[in-house]
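[1] make a model of this:
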Amino acid sequence: MTLRRAWSLVGGGGMAAAGVLLFLVVGTYSASGSLDQAQAQGAVQLAPGTVPASYAPLIQKWGTLCPELTPPLLAAQMYQESGFNPKAVSPVGAQGMAQFMPATWAIYGVDPTHTHTPDVWNPADAIPSAATYDCQLAKDTSSVPGNHTANMLAAYNAGPYAVIKAGGVPPYKETQGYVSSITKLAQSFTGATVISFSAQAAGAIYYAQQKLGTPYLWGGEGLASQGYRFDCSGLTQAAFASVGITLPRVAADQWYAGPHPSRSQLQPGDLVFFSHDPHDPAQIHHVGIYVGGGMMINAPHTGAVIRYDAIDSEGDYFGATRVTAGGADALPTLQPGGGIANGGALASN
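    The predicted structure follows:
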């Protein structure tokens, strides 16, 4: 996000806010100044499959660095900033998974192993550095009224001086949107035990049922120019659009549009996903709409029609998402090529 990257940190000092702000998650834990102690006390867990397996331990560990931060919140930041792309570069020059400007990285980049110069392109450095920067911002804004986690996020986007001057989240549309999006998006990364029923589920199923028997079309979005045909994610996108929820176009991006019920918690209307890699959500290749009894409405492949299929018919079931309006609204803006926007298209270093 460009506002955050344009500011340099102003030393606000002060003590970190007491207590634990876990309004995003199920359960609480007692935080301390020790990262290891926080881990031992049982930090809030990431939902399985929401973070690429190679990054999950880092996010789970460093997401407990201070009371204002949780692993799901840190995961939501990394997804919002770069889509977990360690080579991301923004048009304004922010670099790496956490999108640090070089001047900010020079101050806050850390190597937890103390064996090399901190590398902004290395997730093993970028993730701890993002957490370290978050928690420093929490300290710098600790005397500001309001929600300390929201103030921390606002400072990450707009700089701590803006938060201190405004006495809370500043009145910048981008910053307010950033805070709202991260807090909502964090719910998609949280391992929850209770997930509310989706009020829009019945309408989405009804729409998809009307399309049974329609021939599959790769890239189909149900447009007249396409003969009103769909592919898998085109169907799910249209089904939820019919009940007022805007989903991204690609199945792997739809995965983050809400919390993730376990297989035993599946309810009609949940989106069910399939992946080439059981540990990597970026490898999701297919999606269907669960209707109960182990069955889904499925737009399977070229030469087939939209039909009922068993969710085990694909052979590589990955997980499910209970789509919510808030979860869908919180997803980052995507470029036509699929990258996270962050003010413009991302490029590889």
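
[2] how about the contacts made by the nearest residue to Val144 once chain neighbours are set aside?
    If the residues on either side of it in the chain are set aside, Val144 comes closest to Asn151, at 5.1 Å by CB to CB, 6 or more residues apart in numbering. The C-beta positions use only the backbone N, C-alpha and C, and glycine is treated the same way. Listed by CB atoms under 8 Å, 6 or more residues apart in numbering, the contact set of Asn151 reads Ala138, Thr141, Val144, Val163, Gly168, Val169.

[3] swap in Pro145?
    The contact partners of Pro145, by CB under 8 Å, 6+ apart, come to Gly167, Gly168.

[4] so it, which of the three states?
    On the three-state scheme (DSSP: H, G, I helix; E, B strand; the rest coil), Pro145 is labelled coil.

[5] kindly state the pLDDT recorded for it?
    Pro145 carries a pLDDT score of 96 in this model.

[6] quick thing: my sequence starts at 6, can you match it?
    Right, with 6 as the first residue, what we last looked at is Pro150.

[7] so can I have TSV of the contacts of Asn156 showing distance to Gln205 and neighbour count?
    Shown next, in TSV, are those (distance: CB to CB, whole Å; neighbours: other CB atoms under 10 Å):
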residue	distance to Gln205	neighbour count
Ala143	35	27
Thr146	37	27
Val149	37	24
Val168	35	28
Gly173	32	15
Val174	29	23
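
[8] closest to Met83 among these?
    Taking CB to CB as the measure, Ala143 is the one of these closest to Met83, at 17.3 Å.

[9] I'd like the next helix or strand past the helix or strand containing that closest one.
    Applying DSSP states H and E as the criterion places Ala143 in helix 128-145. Moving toward the C-terminus from helix 128-145, the first helix or strand encountered (DSSP H and E) is helix 153-163.

[10] put the alpha carbons of that next one into PDB.
    C-alpha atoms of helix 153-163 as PDB (Å, rounded to 0.1, in the frame of the first residue of the first chain):
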ATOM      1  CA  HIS A 153      -4.500  -0.700  19.300                       C
ATOM      2  CA  THR A 154      -4.500  -3.400  16.600                       C
ATOM      3  CA  ALA A 155      -6.300  -1.100  14.200                       C
ATOM      4  CA  ASN A 156      -3.900   1.800  15.000                       C
ATOM      5  CA  MET A 157      -1.000  -0.600  14.300                       C
ATOM      6  CA  LEU A 158      -2.400  -1.500  10.900                       C
ATOM      7  CA  ALA A 159      -3.100   2.100  10.100                       C
ATOM      8  CA  ALA A 160       0.500   3.000  11.000                       C
ATOM      9  CA  TYR A 161       1.800   0.200   8.800                       C
ATOM     10  CA  ASN A 162      -0.100   1.800   5.900                       C
ATOM     11  CA  ALA A 163       0.100   5.500   6.500                       C
END
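
[11] any idea how far the residue nearest to Val149 lies from Val184?
    Asn156 is 9 Å from Val184, where distance means CB to CB, to the nearest Å.

[12] okay, and the common contacts of those two?
    Where contact means CB under 8 Å, 6+ apart, the residues bridging Asn156 and Val184 through contact with each are Val174.

[13] what about the helices in the stretch 156-305 of the chain?
    Secondary structure of the stretch 156-305 of the chain (DSSP state H, counting those that start in this stretch): helices located at 165-171, 178-190, 206-214, 237-246, 256-259.

[14] hey, which of those is tucked in deepest?
    Relative to the other members of these, helix 237-246 carries the highest mean neighbour count by mean count of other CB atoms under 10 Å, namely a mean of 25.

[15] dump that helix to CSV, restricted to CA.
    Once non-C-alpha atoms are left out, helix 237-246 reads as follows in CSV (Å, rounded to 0.1, in the frame of the first residue of the first chain):
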residue,chain,number,x,y,z
CYS,A,237,-16.0,-23.9,-12.6
SER,A,238,-15.0,-20.6,-11.0
GLY,A,239,-17.2,-18.7,-13.5
LEU,A,240,-20.2,-20.6,-12.2
THR,A,241,-19.4,-20.0,-8.6
GLN,A,242,-18.7,-16.3,-9.2
ALA,A,243,-22.0,-15.9,-11.0
ALA,A,244,-23.9,-17.9,-8.3
PHE,A,245,-22.7,-15.6,-5.5
ALA,A,246,-23.1,-12.5,-7.7
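
[16] helices and strands around that helix, which ones?
    The contact analysis (3 or more CB pairs under 8 Å, 6 or more residues apart in numbering; DSSP states H and E) places helix 237-246 against helix 206-214, helix 256-259, strand 289-297.
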